[in-house]
Structures are given as C-alpha cells and as structure tokens.
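> coordinates for the following, if possible.
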Amino acid sequence: MACKVSDEMLGTFVPVLVYWAYSGMYMLLGSDDKYRLHSRKEEETKNSASKGKVVLGVLIQQAFQIAVSALLFTMAPKAEMTSRKSSILALLMQFAVAMFVLDTWQYFVHRYMHMNKFLYRHIHYKHHSLVVPFAYGALYNHPLEGLLLDTVGGAISFLAAGMTPRAAIFFFSFATIKTVDDHCGLWLPWNPLHALFSNNSAYHDVHHQLYGGKYNFSQPFFVVWDRILGTYMPYSLAERKDGGLEARPVKD
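Okay, the predicted model is just below:
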C-alpha cells in the first residue's frame with residue numbers, strides 16, 4: 001500500500017529540493033559565456049568564498065529552514081474542500097499578501113544590515129563575499145541572517161497570508177525559484193521572470209557590486225520600496241568584450 005506524504009512534509013522539503021534542482025539547471029546554463037553577467041575570471045578572483053564553503057553554508061541555512069517549517073505548520077490552518085474557482089482565487093490572494101509582506105520585511109531588514117556597520121561587517125558581509133553571484137549561492141548567508149531575513153520573513157508572510165501547508169508548497173517553491181533566479185548571475189533573454197518582474201538577476205547584480213551597496217535592496221519580487229525610498233539604481237545591459245552582457249548603472 002502506497003504511503004501518502006502529508007502537505008506539511010511536502011511544504012517543508014519541496015522548496016529545498018527545488019533550490020538544488022533549479023540552481024543546478026542554471027549552473028549548466030552558466031557554462032555558456034554569452035549568458036553570463038560576469039566572466040569566469042571575475043567569479044574566480046572577486047569571490048572570496050570557495051564553492052564547497054558555499055554549499056555547506058546553504059545546507060546549514062536549510063537545516064534551520066526545515067526546523068522552522070516543521071514548527072510553523074503545526075500552527076497552520078488545514079486545507080478545506082472548496083470549489084476549484086474559489087480555491088484558485090483564495091490562493092492568488094494569499095500569494096499577493098505573502099509577496100507584499102515578504103518584500104516589505106526583507107527590504108527593511110536587508111537595508112538595515114547595510115546601514116549598521118557592525119551587522120554588515122560581522123553578519124551580512126558573508127553574503128556579499130560573493131561579489132559575482134551564482135545560482136546555488138543565493139542562500140549563502142551568515143546563519144543569523146538566514147534565520148532572520150529568509151526563514152523568519154517567510155514565516156511571517158505565511159502567517160499573515162493565512163496559508164495552509166498545501167498553499168505553502170507552491171508559494172515557497174516559487175519564492176525559492178525567484179531567489180535563485182535573482183542570484184544566478186545570468187541574463188537569459190527568454191526568461192519569463194524577467195518579463196514579469198523588474199527585480200531580476202541584473203537588478204540584484206548591481207546591488208552586489210561596490211557601487212551598488214546602497215541601492216537595490218528590494219527582494220525577492222518587486223522594486224516598490226526602492227523606488228519609494230530613493231534607493232533605486234537603474235541599469236542598462238551592455239555587451240562585454242569577452243562575451244555575455246553586464247549590468248551598468250545609469251542615471252534615473
């Protein structure tokens with residue numbers, strides 16, 4: 001007899017599996033220089049964290065994520081039987097609320113970690129040691145930052161939206177895809193997320209550069225808070241001599 005996997009179990013582990021599967025796809029695409037926002041040489045010389053260290057750091061953060069998710073789902077409402085139409089509408093509304101709450105939380109916490117010199121030097125700098133972002137480094141953070149910015153932020157958005165564990169499977173998988181996409185270090189002309197969101201891999205790449213450390217704090221979905229609070233830095237895409245494109249800041 002087949003064993004049914006609970007929504008709580010899927011909501012806990014599916015986003016983790018999505019992270020490694022989606023980032024793995026991007027690492028394969030990154031072998032083609034024409035999609036890269038930085039050259040391979042820049043990645044090797046500018047990033048101070050080794051690939052092995054990044055993998056270990058991400059696994060540690062995901063361990064915290066799994067523990068918090070398991071606890072969080074004990075407080076979540078159960079899925080109710082509803083019509084398909086009302087169910088989809090409710091899911092979309094929950095997504096909208098969760099996206100707004102998560103964006104708001106991450107913008108202000110992320111910005112404060114840059115403004116506070118102690119927090120930046122001892123906590124947030126670990127993430128910025130990847131000056132040239134790459135896909136599976138998206139969640140490479142200090143454990144405290146990972147817990148506060150991503151895990152707690154996700155929990156607050158989940159509770160604020162009143163999601164069920166089943167809805168969380170889809171929301172957190174999508175949020176994971178978006179986060180990996182923003183850090184992939186590639187610009188893919190056919191990527192639908194670039195058409196749907198101004199907050200994309202080039203936008204976030206600007207933030208990871210020395211000139212962009214005070215700009216483009218918004219993540220993972222929209223750029224609203226950056227625009228409202230004057231921390232928005234627009235960019236243009238220009239061809240690199242060694243192939244591929246790079247994001248260059250321009251005057252708004």
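> point to the residue nearest the middle of the chain.
Nearest to the geometric centre of the chain sits residue 179, at 2.0 Å (C-alpha atoms, centre = their mean).
> look up how far residue 229 lies from that one.
Taking C-beta to C-beta, to the nearest Å as the measure, residue 179 falls 22 Å from residue 229. (C-beta placed from N, C-alpha, C; glycine too.)
> could I get the full set of helices for the stretch 101-250 of the chain?
Under the criterion DSSP state H, counting those that start in this stretch, the stretch 101-250 of the chain carries helices at the ranges 117-119, 125-128, 143-145, 153-161, 165-182, 192-196, 201-208, 224-228.
> so which of those helices is nearest residue 102?
Between residue 102 and the helices of the stretch 101-250 of the chain, the tightest spacing by C-beta to C-beta is seen for helix 153-161, at 4.1 Å.
> which ones are touching residue 7?
79, 164, 165, 166, 168, 169 (C-beta atoms under 8 Å, 6 or more residues apart in numbering).
> only whichever of the residues you listed are buried, select them in PyMOL.
In PyMOL, this line selects whichever of the contacts of residue 7 come out buried by 16 or more other C-beta atoms under 10 Å:
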select buried, resi 164+165+166+168+169
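> what's the closest of the contacts of residue 7 to residue 65?
Closest to residue 65, out of all of the contacts of residue 7 and judged by C-beta to C-beta, is residue 168, at 12.2 Å.
> need the contact list for the residue lying closest to the closest one once chain neighbours are set aside.
For residue 168, ignoring the flanking residues on the chain, the nearest one in space by C-beta to C-beta, 6 or more residues apart in numbering is residue 11 at 4.2 Å. Residue 11 makes contact with 69, 73, 165, 166, 168, 169, 172, according to C-beta under 8 Å, 6+ apart.
> quickly find the element holding residue 11.
helix 7-29 (DSSP states H and E).
> buried residues in that helix?
7-8, 10-16, 18-20, 22-23, 26-27.
> next one: stretch 67-78
68, 69, 72, 73, 76.
> could you figure out how far the helix or strand harbouring the third one is turned away from helix 165-182?
Residue 72 is located in helix 51-72, with elements delineated by DSSP H and E. Between helix 51-72 and helix 165-182, the angle formed by their directions is 160 degrees, by axes from the mean of the first three to the mean of the last three C-alpha atoms, to 10 degrees.
> who are the neighbours in contact with the closest residue to residue 172 other than its chain neighbours?
Nearest residue to residue 172, sequence neighbours excluded (C-beta to C-beta, 6+ apart): residue 15, at 4.3 Å. With contact taken as C-beta under 8 Å, 6+ apart, residue 15 is in contact with 65, 169, 172, 173, 175, 176.
> got the phi/psi numbers for residue 142?
phi -60, psi 140 (degrees, to the nearest 10).
> what distance do you get for the residue nearest to residue 160 when sequence neighbours are not counted to residue 152?
The shortest distance from residue 160 to any non-neighbouring residue, by C-beta to C-beta, 6+ apart, is to residue 101 (4.6 Å). According to C-beta to C-beta, residue 101 stands 12 Å off from residue 152.
> who's more crowded, these two?
residue 101 (18 against 15; other C-beta atoms under 10 Å).
> please consider this matter closed, and thank you.
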